[in-house]
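In: Next input, structure requested:
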Amino acid sequence: MPVSLPPALELSLDLLCCPTCRTPHLHPDRGALRCPGGHTFDIARHGYAGLLTGSRATSGDDAAMVQARDRFLSTGAYTPIRQVGARLAAGVMAEQATVVDVGCGTGYYLAGVLDQLPGARGLGLDTSVRALRSAARAHDRAAAVAWDVFRPFPLADGVADVVLNVFAPRNPAEFHRVLRPTGRLIVVRPTGRHLAELRGRVSAMVTVDPAKEQRLHRALDPYFEAAVTEQVEYPATLARPDALDLVAMTPSARHVSRADLKDDGLLPDQVTVSVLATAYRPR
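Out: As a prediction, the model looks like this:
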């Protein structure tokens, strides 16, 4: 039985173009999306569109990582991060707007933006099928599409008012291409103090590169200039299950097992949350 077209995906069809031939105007056809050239892409029963073609991306959160992220984010520990992204987005666009979240994960941050903008629509891109199942349900105005951030996006030129990028890989040239000239790119990334207490005790945790800000500037500078930057830093109290989930939801989960964390004294009961959030103007 064909999958019905989710309302949020229908709302976003005008943004999409065929990833194979770059033709715009994908249209629904018997539980799939089809371009005028005849290329067809499945709509998963979980509600996201599978536009990723050719060789599959090898990265992306697996089921355990997504479940850990859902549990951890439900505690509210990262609510201030969600709020700063929404605040920067709401400050630069009207309610009737389009938000594209690149590396959207479970859709948590995109949903936060849409909650602040009742007339806006959202589209999340991610490689993780498990995460996309959550992203497709994260908000009634958010659609989700399987895609690899390092490939040209299956989006038409100049369709986004905001490109959101939170703790995710970046593709500056594509960010610039899909943004309107008056749009904004919002990038949220960790500082060196982010989760320092946890990284100090769990040796296999991935560290924050001290040159991260310089690398970000070099990558974005040909395409964007910074308009405003906000720092968000606060202590977060963690119960042991939350600390376990915080490790399990990050890329460090590939290097650390729960058996490695069986020592109750290894996990801190409080961590520093520290991020920078910048809104960039296209050049």
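
In: Which parts of this structure are strands?
Out: Shown for the chain, the strands assigned by DSSP state E span residues 27-28, 32-34, 40-42, 49-50, 98-102, 121-126, 142-146, 160-166, 179-190, 224-237, 270-282.

In: Tell me which of those sits nearest to Ser4.
Out: Set against Ser4 and scored by Cβ to Cβ, those come closest in strand 27-28, at 8.9 Å. C-beta here means a position set from N, CA and C on the backbone, and glycine is covered the same way.

In: who does that closest one touch, helix- and strand-wise?
Out: Based on contacts counted as 3 or more Cβ pairs under 8 Å, 6 or more residues apart in numbering; DSSP states H and E, the elements that strand 27-28 packs against are strand 32-34.

In: The strand it packs on pairs with which strands, and in what direction?
Out: When sheet partners are counted by DSSP bridges, strand 32-34 sits next to strand 27-28 (antiparallel), strand 40-42 (antiparallel).

In: Please list the residues outside it that contact it.
Out: Contacts of strand 32-34 with the rest of the structure, by Cβ atoms under 8 Å, 6 or more residues apart in numbering, involve Pro2, Leu13, Leu16, Leu26, His27, Pro28, Thr40, Phe41, Asp42, Ile43, Ala49, Leu51.

In: residues in contact with the closest residue to the third one other than its chain neighbours?
Out: The reference is to Leu16. For Leu16, the nearest residue in space outside its immediate sequence neighbours is Leu26; the separation is 4.7 Å by Cβ to Cβ, 6 or more residues apart in numbering. Contacts for Leu26 were tallied using Cβ under 8 Å, 6+ apart; they are Leu13, Leu16, Cys17, Cys18, Leu33, Arg34, Cys35, Phe41.

In: correct me, but Ala146 touches Leu52?
Out: Yes - applying Cβ atoms under 8 Å, one finds Ala146 in contact with Leu52, separated by 4.5 Å.

In: Show me which of these two is the more surrounded one.
Out: A side-by-side neighbour count of Ala146 and Leu52, using other Cβ atoms under 10 Å, places Ala146 first with 25 against 20.

In: Look up the residues forming beta bridges with that one.
Out: Taking DSSP bridges, one obtains Gly50, Asp126 as the residues bridged to Ala146.

In: phi, psi of the residue sitting nearest the centre point of the chain?
Out: In the chain, the C-alpha nearest the mean C-alpha coordinate belongs to Cys104, at 2.1 Å (Cα atoms, centre = their mean). The phi and psi torsions at Cys104 (degrees, to the nearest 10) take the values phi -70, psi -20.
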